[in-house]
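Asks: have a look at this prediction, sequence included:
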Amino acid sequence: MLKFRTKLVSMALVMLLCSGAIFAQRVTPNNKISKSEIKQIVQSKKITSANVDRTVQYSNPNALQLLGNSRGASVEGWKTFPAPWGYYIFDSEDVEAGEVIWDPGFDMLSGETVNGILYAYDNEDDPNFYLWDAETGELIDFFIAPLFDPDFLPNDFAYDYTTGIMYGLSWNELLIVDLESGEVEVLDIYFESEFGDALVFMAMAIDKNGNAYGVTDFWDEEPWVYEGGILFKIDLETGICERIGDTEIEDIMYYYPECLVFDNNTGKLYWSHLGPSNNPDDWSWREIDIETGVSTYISVGGILSCLSIPFAYESISRISTKMDIYPNPAKNLVQIDGVDILKVEIYNMFGQLVDTQKANTIDVSKYNAGAYLFKTYDVNGNVIISKIMVTK
């Protein structure tokens with residue numbers, strides 16, 4: 001099957017909407033900017049708001065125990081237009097009335113916040129990858145142009161809480177994003193309907209149970225001939241998609257990524273929709289019924305990306321809070337205490353199963369250096385996902 005990955009080129013048309021001043025501060029890999037220089041830019045440009053209610057406590061990223069309750073329907077994410085751009089908190093009932101929390105001085109294009117960290121690519125021809133503290137705007141880490149091919153820049157992110165894997169959507173292909181480096185693995189999976197129709201998706205989201213959904217883009221070039229604005233449920237293992245229904249919004253803007261986001265506290269699916277023109281009056285914030293696919297207008301929208309609704313996920317019946325896993329980072333042995341282990345599955349950050357053990361002590365010296373997800377199953381049916389760094 002032919003591959004399609006060229007739409008982002010036309011995003012420049014949207015940039016014409018914005019003033020030159022907005023896009024004046026740009027960071028490009030050709031500048032050979034160091035991390036220290038990036039930090040200086042961030043510190044000089046960043047704005048913060050001490051008055052914003054951020055009462056949610058994110059779970060420890062080294063033990064992804066999801067705590068079940070967040071600030072409700074407060075949406076976090078990046079807004080590019082209308083200005084000013086930056087990282088915002090929105091009300092899910094009116095995203096037009098958002099409040100900017102911080103601004104690093106340059107634009108982010110796609111990403112998602114997980115456990116208080118925004119993982120995002122910037123809006124450059126050869127994108128850079130950033131790890132930001134979502135609460136303070138502090139730069140955690142920065143990787144210059146990590147993509148082997150800029151055409152594989154994810155147009156939307158979707159984090160799977162059941163596996164700890166960050167998926168990326170590249171129109172008709174599924175990616176896995178390495179959160180430690182910004183590198184991507186292109187899976188040998190192409191989206192197709194249950195009847196064999198090739199599909200192109202504009203946006204994707206995954207609920208707390210690992211169910212993935214996407215909204216199709218209208219496309220009329222072989223082999224992607226399909227109507228736009230259709231909600232599908234996506235099988236992440238095969239790429240086969242089950243049609244749910246029509247959002248009744250077919251005209252989708254080609255010039256900038258759209259975004260889907262779940263409120264895992266309520267099960268609601270929200271959609272940042274950009275209309276067929278450069279007219280902001282065509283942009284809307286909508287809720288999609290995942291049973292029928294029908295979308296409902298909520299408020300005026302904008303060019304929004306990197307959307308997430310803070311959610312610390314814990315299925316009370318499936319988690320043991322007494323488990324202790326250490327040391328972290330680890331070089332030789334990892335010890336798991338406080339749980340009767342049935343098995344431990346170890347995944348690399350590309351989502352590949354690299355090992356399965358049935359002991360409380362696991363030798364990690366044979367693993368390559370990097371981040372791993374330890375999925376621990378106990379004899380009572382509990383499942384705990386922990387992130388361990390292996391060093392050499």
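Replies: Looks like it came in fine.
Asks: only C-alpha atoms from now on, for both contacts and neighbour counts.
Replies: Fine.
Asks: tell me where the model's unsure across the stretch 201-350 of the chain.
Replies: Across the stretch 201-350 of the chain, residues meeting the criterion (pLDDT under 70) sit at 218-226, 250-257, 276-279, 311-322, 349-350.
Asks: all strands of it, in order?
Replies: Ranges of strands within the stretch 201-350 of the chain are 201-206, 212-216, 219-221, 224-226, 230-234, 240-246, 259-263, 268-273, 284-288, 295-300, 303-308, 324-326, 333-337, 341-348, based on DSSP state E, counting those that start in this stretch.
Asks: and of those strands, who's closest to residue 93?
Replies: strand 295-300 (6.2 Å; Cα to Cα).
Asks: any idea of the angle the closest one forms with strand 284-288?
Replies: Strand 295-300 and strand 284-288 are oriented at 150 degrees to each other (axes from the mean of the first three to the mean of the last three Cα atoms, to 10 degrees).
Asks: residues contacting strand 295-300, please?
Replies: 93-96, 247-249, 281, 283-289 (Cα atoms under 8 Å, 6 or more residues apart in numbering).
Asks: may I see the ChimeraX selection of the buried members of those residues?
Replies: The following ChimeraX line selects those of the contacts of strand 295-300 that are buried, judged by 16 or more other Cα atoms under 10 Å:
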select :93,95,96,247,283,284,285,286,287,288,289
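Asks: what's the spacing between the nearest residue to residue 121 once chain neighbours are set aside and residue 169?
Replies: Excluding its sequence neighbours, the residue lying closest to residue 121 (Cα to Cα, 6 or more residues apart in numbering) is residue 129, at 4.5 Å. The spacing between residue 129 and residue 169, counted by Cα to Cα, to the nearest Å, is 16 Å.
Asks: so which residues of the stretch 51-200 of the chain form strands?
Replies: Counting by DSSP E, counting those that start in this stretch, the strands of the stretch 51-200 of the chain are 74-81, 86-91, 94-102, 108-114, 117-122, 129-133, 139-143, 156-160, 165-170, 173-177, 184-190, 192-193.
Asks: quick one: closest of the ones you listed to residue 359.
Replies: Across the strands of the stretch 51-200 of the chain, residue 359 has its closest neighbour in strand 165-170 (24.0 Å, Cα to Cα).
Asks: adding distance to residue 387, write the strands of the stretch 201-350 of the chain out as JSON lines.
Replies: Output for these, formatted as JSON lines (distance: least, Cα to Cα, whole Å):
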{"stretch": "strand 201-206", "distance to residue 387": "20"}
{"stretch": "strand 212-216", "distance to residue 387": "23"}
{"stretch": "strand 219-221", "distance to residue 387": "39"}
{"stretch": "strand 224-226", "distance to residue 387": "38"}
{"stretch": "strand 230-234", "distance to residue 387": "26"}
{"stretch": "strand 240-246", "distance to residue 387": "30"}
{"stretch": "strand 259-263", "distance to residue 387": "23"}
{"stretch": "strand 268-273", "distance to residue 387": "28"}
{"stretch": "strand 284-288", "distance to residue 387": "33"}
{"stretch": "strand 295-300", "distance to residue 387": "37"}
{"stretch": "strand 303-308", "distance to residue 387": "21"}
{"stretch": "strand 324-326", "distance to residue 387": "10"}
{"stretch": "strand 333-337", "distance to residue 387": "12"}
{"stretch": "strand 341-348", "distance to residue 387": "10"}
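Asks: picking up where we left off before, need the max-distance pair from the contacts of strand 295-300.
Replies: Longest span within the contacts of strand 295-300, Cα to Cα: 281 and 289, 23.1 Å.
Asks: residue 166 is in contact with residue 154, isn't it?
Replies: No. At 10.8 Å, residue 166 and residue 154 do not qualify as touching, with contact defined as Cα atoms under 8 Å.
Asks: higher neighbour count, the two?
Replies: Per other Cα atoms under 10 Å, whichever of residue 166 and residue 154 has more neighbours is residue 154, with 27 against 24.
Asks: residue contacts, the more buried one?
Replies: Neighbours of residue 154 in contact, by Cα under 8 Å, 6+ apart: 110, 168, 169, 170, 175.
Asks: output the strands of the stretch 51-200 of the chain as JSON lines; include the columns mean pLDDT.
Replies: Below are the strands of the stretch 51-200 of the chain laid out as JSON lines (pLDDT from 0 to 100):
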{"stretch": "strand 74-81", "mean pLDDT": "84"}
{"stretch": "strand 86-91", "mean pLDDT": "87"}
{"stretch": "strand 94-102", "mean pLDDT": "81"}
{"stretch": "strand 108-114", "mean pLDDT": "88"}
{"stretch": "strand 117-122", "mean pLDDT": "90"}
{"stretch": "strand 129-133", "mean pLDDT": "89"}
{"stretch": "strand 139-143", "mean pLDDT": "85"}
{"stretch": "strand 156-160", "mean pLDDT": "91"}
{"stretch": "strand 165-170", "mean pLDDT": "88"}
{"stretch": "strand 173-177", "mean pLDDT": "88"}
{"stretch": "strand 184-190", "mean pLDDT": "84"}
{"stretch": "strand 192-193", "mean pLDDT": "87"}
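Asks: what's the closest of those strands to residue 270?
Replies: Closest to residue 270 of those is strand 74-81 (Cα to Cα; 9.8 Å).
Asks: show me what the closest one is packed against.
Replies: strand 86-91, strand 108-114, strand 303-308 (3 or more Cα pairs under 8 Å, 6 or more residues apart in numbering; DSSP states H and E).
Asks: mind listing what the first one pairs with, with the direction of each?
Replies: According to DSSP bridges, strand 86-91 has the following sheet partners: strand 74-81 (antiparallel), strand 94-102 (antiparallel).
Asks: just say which of the ones you listed is most tucked in.
Replies: strand 74-81 (a mean of 23; mean count of other Cα atoms under 10 Å).
Asks: report the buried residues of stretch 239-250.
Replies: Here stretch 239-250 shows 239, 240, 241, 242, 243, 244, 245, 246, 247, 250 as buried, counting by 16+ other Cα under 10 Å.
Asks: now do residue 130 against residue 110, distance only.
Replies: Computed as Cα to Cα, the residue 130 to residue 110 distance reads 11 Å.
Asks: overlap of the contact sets of these two?
Replies: With Cα under 8 Å, 6+ apart as the test, residue 130 and residue 110 both reach 120, 121, 122.
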